[in-house]
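> This is a predicted model, with the sequence first.
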Amino acid sequence: MMGRLRLALLLLPLFLGACAHTVRPATYLVEQSGPYLLDSGDVLRISVYGDANLTNTYRVDDSGAISMPLVGAVPARGGTTEALSRKVASALAAGYMRNPNVAVEVAEYRPFFIQGAVGSSGQYSYSYGMTVRAAISAAGGFTDTANRNTATIYRRQGNEMVKGSVELDFPILPGDTIVISERWI
């Protein structure tokens with residue numbers, strides 16, 4: 001009898017813990033650190049020092065590449081600006097220039113998308129360091145029936161789409177889709 005009572009007392013916190021409710025929303029891992037990875041829709045400023053004809057802005061196309069004079073298509077999707085700089089320099093060094101010096105920077109990030117209980121759903125320009133709250137402001141603010149505490153973000157990570165429930169100060173990235181749900185109360 002004492003053994004069963006002890007077992008019940010040991011297991012009681014586990015059962016009570018399972019019944020507990022949290023005020024904070026459940027969150028899921030949505031990668032937010034590391035270098036910026038290029039993708040379709042990004043506009044890049046590529047500077048080739050010593051050649052004003054090659055220095056220009058180039059858009060990453062649907063296939064994930066940029067198209068430059070002399071070298072043609074150069075893959076950019078999934079890489080950093082530094083990696084693309086090395087690829088372009090290598091392509092130019094293969095018969096076109098001696099020791100090319102190439103710099104790549106993002107001139108315009110690909111857009112983010114927002115839908116749901118906001119003033120105006122749609123596609124918006126991304127600014128570095130944006131949060132969910134800033135995205136909502138860009139979309140005209142909340143509607144009267146919006147859930148003003150959390151949002152759902154859909155973000156591509158590799159070949160997968162990740163869904164996460166986040167708070168309003170969560171940082172967004174270009175290409176994210178933000179959904180603001182309506183509250184039920």
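Structure received.

> Low-confidence regions, this structure specifically.
Counting by pLDDT under 70, the chain has low-confidence residues at 1-33, 185.

> What segments of it are strands?
43-48, 56-59, 65-68, 72-75, 102-108, 112-116, 122-124, 150-157, 160-167, 177-180 (DSSP state E).

> and the fourth one, what other elements does it pack with?
The one in question is strand 72-75. Here strand 72-75 touches strand 65-68, helix 81-93, going by 3 or more C-beta pairs under 8 Å, 6 or more residues apart in numbering; DSSP states H and E. Yep, even glycine has a C-beta here, placed from its N, CA and C like the rest.

> Any chance you could list what contacts that strand?
Residues from elsewhere that reach strand 72-75 (C-beta atoms under 8 Å, 6 or more residues apart in numbering): 63-68, 84, 87-88, 91.

> Could you do the last one as well?
Contacts to strand 177-180, defined as C-beta under 8 Å, 6+ apart, come from residues 112-118, 132, 135-136, 142, 146-147, 151-155, 172.

> Buried ones among those?
Neighbour counting with 16 or more other C-beta atoms under 10 Å marks 112-114, 116-118, 132, 135-136, 142, 146-147, 151-153, 155, 172 as buried within the contacts of strand 177-180.

> circling back: so which of the strands of the chain is nearest Pro35?
Ranking the strands of the chain by their distance to Pro35 (criterion: C-beta to C-beta) puts strand 102-108 first, at 11.2 Å.

> list the buried ones in the closest one?
Applying 16+ other C-beta under 10 Å to strand 102-108 flags 102, 104, 106 as buried.

> The closest residue to Asp39 other than its chain neighbours - how many residues pack around it?
Spatially, and ignoring its direct neighbours in sequence, Asp39 is nearest to Arg77 (5.5 Å; C-beta to C-beta, 6 or more residues apart in numbering). When neighbours are counted by other C-beta atoms under 10 Å, Arg77 registers 17.

> could you list every residue that touches Arg77?
Contacts of Arg77 by C-beta under 8 Å, 6+ apart are 38-40, 60, 63-65.

> let's see it at 10 Å
37-40, 42, 60-66, 84 (C-beta atoms under 10 Å, 6 or more residues apart in numbering).

> What residue, apart from its backbone neighbours, is nearest Ala139 spatially?
Nearest to Ala139 is Val118, by C-beta to C-beta, 6+ apart, at 4.1 Å.

> which non-adjacent residue is nearest Asp62?
Using C-beta to C-beta, 6+ apart and skipping residues adjacent in sequence, the residue nearest Asp62 is Ser40, 5.4 Å away.

> Nice, that's everything, thank you.
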